[in-house]
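Peer 1: build me a structure from this.
(chains A, B and C)
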Amino acid sequence: MVMKYYADLHIHSKYSRATSSQLDLEHLWLWAQIKGITVVATGDCVHPGWLAEIKQKLAPCGNGLFELKPEYCCAVAAGIPPSCKGTVRFLLSTEISSIYKRDGAVRKVHNVVYLPSLDAADKLAAKLGGMGNIRSDGRPILGLDSRDLLDIVLSCDPDAFLIPAHVWTPWFSALGSKSGFDSIEECFGDLTRYVYALETGLSSDPAMNWRLSSLDSFVLVSNSDAHSPNKLGREANIFETDLSYCGILDALRNPGSRGLAGTLEFFPEEGKYHFDGHRKCGTRLHPRETIKNKGLCPVCGKPVTVGVMARVEELADRPDGAKGKRWRPYHSMIPLSEIIGDCLGVGPASQKVESLYWRLAGAVGNELSILLDAPLDRIEKTAGALVSEGVRRVRSGEVSVKAGYDGEYGIIKIFSDKERAGKKGQVNLFGDGAPAGASQAPKADSEDSAAAALPRHKKKVRTADSPHNQNAAPASAGTHAPNLNKAQLAAVNYGGSHLLIIAGPGTGKTHTLVHRIVKAAARCAANEKILAVTFTNKAAEEMRERICKLIGPELHAIVTVGTFHQFCLGILRANAAEAGIPADFRIASDDDCSAAAARAWPTAPAAERRAKLEVIGRARAGMPGEAQEDVDLYKAQLRAANVLDFDDLLEEAVRLLSKNAMAINQVRATYRSVLVDEFQDINAAQHALLTLLVKDGVSLTAIGDPNQAIYGFRGSDIRFFEQFEASFPGAATMVLSENYRSAANLLEASGHVIASGNTDSAPLLVARFLGNGRLTIHETATEKAEAEYIVHQLEKLVGGTSMFSHDSGRLDSGDTDGKSFGDFAVLYRTNAQSGPLVEAFERSGIPFQVSGEKPLAQYPFVKEAVAYLLEHAPGELGESSDTDAAAALGRFAQESPVAAMLEKDDRVGGLLDRLQHIAAFHASVQSFLDYILLQQKEEPADIRVERVSLLTLHASKGLEFPVVFIAGCEDGLVPLKREGKHFDPAEERRLFYVGMTRAKERLYLTSARRRTMYGKTIDTRPSPFVADIKEELKTYEKTAAMNVKKAAESEQTDFLGDLFLPQ
DNA sequence: ATGTGCCTTCTTTTT
DNA sequence: GAAGGCACAT
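Peer 2: Next up, the predicted model:
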């Protein structure tokens, strides 16, 4: 059956090394579909292993044609009847691959053959032309330059073929002795019988090669230049024949037939050595100009570097545009992603381009059809007018071409910058990558309409640290009747200078601090301000909100709330000159920092640089280490780039304020009162800054909890907290001890832990939560079983039947009814533990959120799925029965080549699975989409949407949840011990304490007897911290109570193992 | 420039 | 066991 297809001819397989991986082959086919390309792997030189794989995988369907799926066929030369051999003349071309020097002469080399010895190379060179040489890495090679190659072509047996050396050599070495040749030389000598393709070293542009009448007996075809599946079809051959080996053969054999309808090509001008010239001098010469200039550069007068075009000019015996008798039409192409990139003014590999590419692929068709013949209005509808205009121009050749020369790439441009700027409004950019719901809005002015089509819900931020609103004296949040307990009130009203407030978990820390700030603001003189310092932007933002709520925007203006770094940055910006820093300095990005490190230690390997940066970071945070030299070197590099890193901000501010009296006096005059949150997390530099600020009657209020100091590893030093009274003479200390968060027994349990089981020294915390909580200890066989247990418990609690009231025998504050998902958190010591948990939650369909994880909707693949579902919304399909989310997603997965392809991309491989699990949970497409799109913003940890939170213990600080699971309560994990790493048991203990004190009503401490970590499975012992809790507070869950059937269904291996262990 | 294979490493993390 | 870095190949 004659058909039209675009063939990417692989004279060998570039994928031959991937024989063990089926994935790669499938990947190849999938891309072939997306591109609209038929992959034709031909030649004896196809790697035998690859052939074997194809044969094994695909049912052979005769005569060298193996069928994979109906759409993709692969003609393979193995198994071709011997009579077919030696009858096709492929003429393939390539660019200069290297430049080598020998005997003082520089020669451009088009092909390189690796050989066992220089002798062999020379012998072969004598036989074939070319040049034996030793590469810089010591390997003997044979280099063939264009002239040699062409001579070989012209002199060779008409029935012979030549194989490109770079194809042959790896094949030979892969075969080794099994090839039947004793030496590569013998092998090479035998080539004339088998050789298949030839590289002339001429331009890759057939139009130019047609100018050589000596090539008339050859058929010019395009060889694949695809280095990876997604580069398929950058060059291709258009066939109108049978899709079979014999079909292709006939097409090539009979120049008169239309079998070979033409070729698709790059713009050859893009090549680095197209024209002649001097890169340094900026001279780019057409070969004719070179001849006029007698081969010399008009700028420097030295001989120019001669490019491939010159060679064509030299050999051509026909004028430009001439057609040989086997001439076939050709199209010059630009890959779609480059067209889109040019339209958007961004790189072809950018996310924007990727997103638009998939959209087009889904809406219009495969890449070649988009490039060659799809209706432009359909392209415009999806990608905007600019892209469709770009495609039109490429089709008609209306592009600006600047040929490459002397190693400089040529530049092919579709739009001038001016045009692009002028037309920008017409591009349907979907700026932030949000999918367009508006398929009927053809000329949609981009961002706005696209955005409007999306439900963009602002999420309500519920503050996590919301103490005492349940049980403490109820009062409206007013300035006059703040709901403060006695201790809190005393702290707020304390009139002395410095004050340290020790505030345990759930004692209303932020609440108290905010009120003290408000109080101070009310007393502020006209030209004075209050400074409130936090560690994180999030904390600063929350504090600002709460202050604003209490005292309104006017007073709010006299309170400066910011992080340490924000404050220092402000100081430095205002006093750049005094600080000796250029006024226009930037904050160093991660890249800036590594660049500075690279300049500081140019020879050091990256790992060493990273290590140095770490040491420097610690040293600058005030931790021990003698790295001063490195610090100075690194800082000098930062300074040279006119950037300040985060540590610099603090250091430079401290330096300025300590030496410049005017600056410090101004700051002290402005900020008479300084308040610091989370004071236990302070480091040396921050402490130094505070010491500077707090003088001449400026007062400092610090609040924090030494039992929650968990950031020692990054330089925080709890001793600053402990030595507060010494550092700031005259300071008072107050303690907030009424806990409004946790049930009494949970509070007691956490007290046992922090006091190392020594009940007497537990922090004095009085429970004001009028309910009884429950502490459950549970041990499973493995981490998988642990995850299943957690999910199971969670399901029970969400179920609505109040297990809580049954278990505790008490029904208290009315919140013991069925929980919602936002009421749960699962905490763990290391992020690596999230894996099994995520899997278990996915299986169960429970909505969850892993802290710090990118929201689903940010993945291009998910965007694509969402766009598809919007476009194929039920409304549009009439009263389609198909409102079912899972079914719609299934259709997407089947119909869209994008989905099929991305599924193979292992980076996002799990995404479709995840989507499907989510879809199964939603009745309609609409609710499914809402669910996905709602989670646009990051910072999921404190946004209490209705999902279970999966967090590290560190990330849980400051949050609270009715039900908390702490997974992996095993010795070695809680506390975390790693061989060769320093170990701070006290800090680990505090960390566990932080985790425990997040729980309001229920706390589960789970562990696994066997755990796989770092690829090793080890037997574990229970956490010693758990042992510090008095037994009478613990409840042990019995495994037998588990729903065996259900558990076995969802987790077959480990769970059964758990159940069937000898009791 | 881009793939590939081998090696190392593998807490926690804000600005 | 997975991921990232690095050296090396084309």
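Peer 1: the helix or strand where residue A:639 lies and DNA strand B in contact?
Peer 2: Assessed by DSSP states H and E, residue A:639 sits inside helix A:628-640. No. Using CB under 7 Å from any atom of the strand, helix A:628-640 never reaches DNA strand B; the gap is at least 13.9 Å. Glycine gets a C-beta too; all of them are placed from N, C-alpha and C.
Peer 1: who does the helix or strand that that helix is followed by touch, helix- and strand-wise?
Peer 2: Under the assignment DSSP H and E, the closest C-terminal helix or strand after helix A:628-640 is strand A:643-644. Other helices and strands packing on strand A:643-644, by 3 or more CB pairs under 8 Å, 6 or more residues apart in numbering; DSSP states H and E, are strand A:586-587.
Peer 1: repeat the analysis, applying 6 Å as the threshold.
Peer 2: Using 3 or more CB pairs under 6 Å, 6 or more residues apart in numbering; DSSP states H and E, no helix or strand is in contact with strand A:643-644.
Peer 1: mean confidence (pLDDT) on it, please.
Peer 2: If you average the pLDDT over strand A:643-644, you get 84.
Peer 1: what's next to the following helix or strand past that strand, contact-wise?
Peer 2: Next in sequence after strand A:643-644, counting helices and strands by DSSP H and E, comes helix A:646-659. Helix A:646-659 is contacted from outside by A:565, A:568-569, A:571-572, A:575, A:579, A:620, A:663-664, A:685, A:688-689, A:692, using CB atoms under 6 Å, 6 or more residues apart in numbering.
Peer 1: name the residues of helix A:646-659 that are buried.
Peer 2: A:646-657 (16 or more other CB atoms under 10 Å).
Peer 1: and for stretch A:718-732?
Peer 2: A:718, A:720-721, A:724, A:727-728, A:731-732.
Peer 1: in JSON lines: these, plus secondary structure.
Peer 2: Putting the buried residues of stretch A:718-732 into JSON lines (DSSP: H, G, I helix; E, B strand; the rest coil) gives the following:
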{"residue": "A:718", "secondary structure": "coil"}
{"residue": "A:720", "secondary structure": "helix"}
{"residue": "A:721", "secondary structure": "helix"}
{"residue": "A:724", "secondary structure": "helix"}
{"residue": "A:727", "secondary structure": "helix"}
{"residue": "A:728", "secondary structure": "coil"}
{"residue": "A:731", "secondary structure": "coil"}
{"residue": "A:732", "secondary structure": "strand"}
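Peer 1: which single one of those is nearest to residue A:757?
Peer 2: Ranked by distance to residue A:757 (CB to CB), these are led by residue A:718 at 20.9 Å.
Peer 1: which pLDDT does the model give the closest one?
Peer 2: Here, the pLDDT recorded for residue A:718 equals 92.
Peer 1: if we can go back for a sec, so which of the contacts of helix A:646-659 are in helices?
Peer 2: A:565, A:568-569, A:571-572, A:579, A:620, A:663-664, A:685, A:688-689, A:692 (DSSP state H).
Peer 1: just among the residues you listed, which is most surrounded?
Peer 2: The most crowded member of the ones in helices among the contacts of helix A:646-659, judged by other CB atoms under 10 Å, is residue A:568 (25 neighbours).
Peer 1: that residue: what's it in contact with?
Peer 2: Residue A:568 neighbours (CB under 6 Å, 6+ apart): A:649-650, A:653.
Peer 1: from residue A:509, how far out is it?
Peer 2: Separation of residue A:568 from residue A:509 (CB to CB, to the nearest Å) stands at 24 Å.
Peer 1: hang on, residue A:400 packs against residue A:414?
Peer 2: No. Applying CB atoms under 6 Å, one finds residue A:400 not in contact with residue A:414, separated by 7.7 Å.
Peer 1: between the two, point out the one with more neighbours.
Peer 2: Per other CB under 10 Å, whichever of residue A:400 and residue A:414 has more neighbours is residue A:414, with 23 against 11.
Peer 1: neighbouring strands for the longest strand anywhere in chain A, and are they parallel or not?
Peer 2: In chain A, ranked by residue count with DSSP state E as the criterion, the top strand is strand A:999-1008. As defined by DSSP bridges, the strand partners of strand A:999-1008 come to strand A:774-780 (parallel), strand A:961-966 (parallel).
Peer 1: whichever residue of the stretch 751-900 of chain A sits closest to DNA strand C and residue A:991: what is the separation?
Peer 2: Closest approach between the stretch 751-900 of chain A and DNA strand C, counting by CB to the nearest atom of the strand: residue A:832, at 7.4 Å. The spacing between residue A:832 and residue A:991, counted by CB to CB, is 16 Å.
Peer 1: residue A:362 now?
Peer 2: Residue A:362 is 47 Å from residue A:991, by CB to CB.
Peer 1: more crowded one of the two?
Peer 2: Taking other CB under 10 Å, residue A:362 and residue A:991 do not tie; residue A:991 has more neighbours (26 against 21).
Peer 1: which SSE is that one in?
Peer 2: helix A:985-996.
Peer 1: go on, residue A:673?
Peer 2: Here residue A:673 is assigned to strand A:671-676, by DSSP H and E.
Peer 1: partner strands of that strand and their direction?
Peer 2: Short version: by DSSP bridges, strand A:671-676 pairs with strand A:529-534 (parallel), strand A:699-704 (parallel).
Peer 1: dump the contacts of residue A:568 to TSV, plus distance to residue A:557 and pLDDT.
Peer 2: Formatted as TSV, the contacts of residue A:568 follow (distance: CB to CB, whole Å; pLDDT from 0 to 100):
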residue	distance to residue A:557	pLDDT
A:649	24	89
A:650	26	91
A:653	23	94
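Peer 1: which of those residues are close to DNA strand B?
Peer 2: Of these, not one also sits near DNA strand B (CB under 7 Å from any atom of the strand).
Peer 1: can you redo these as CSV with distance to residue A:346?
Peer 2: Output for the contacts of residue A:568, formatted as CSV (distance: CB to CB, whole Å):
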residue, distance to residue A:346
A:649, 31
A:650, 36
A:653, 37
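Peer 1: quickly name whichever of these is closest to DNA strand C.
Peer 2: Among these, residue A:649 lies closest to DNA strand C (CB to the nearest atom of the strand), at 25.2 Å.
Peer 1: contacting residues around residue A:496?
Peer 2: By CB under 6 Å, 6+ apart, the contact list for residue A:496 reads residue A:732.
Peer 1: measure it to residue A:728 for me?
Peer 2: Per CB to CB, residue A:496 is found 11 Å from residue A:728.
Peer 1: since that was my last question, I'll sign off now.
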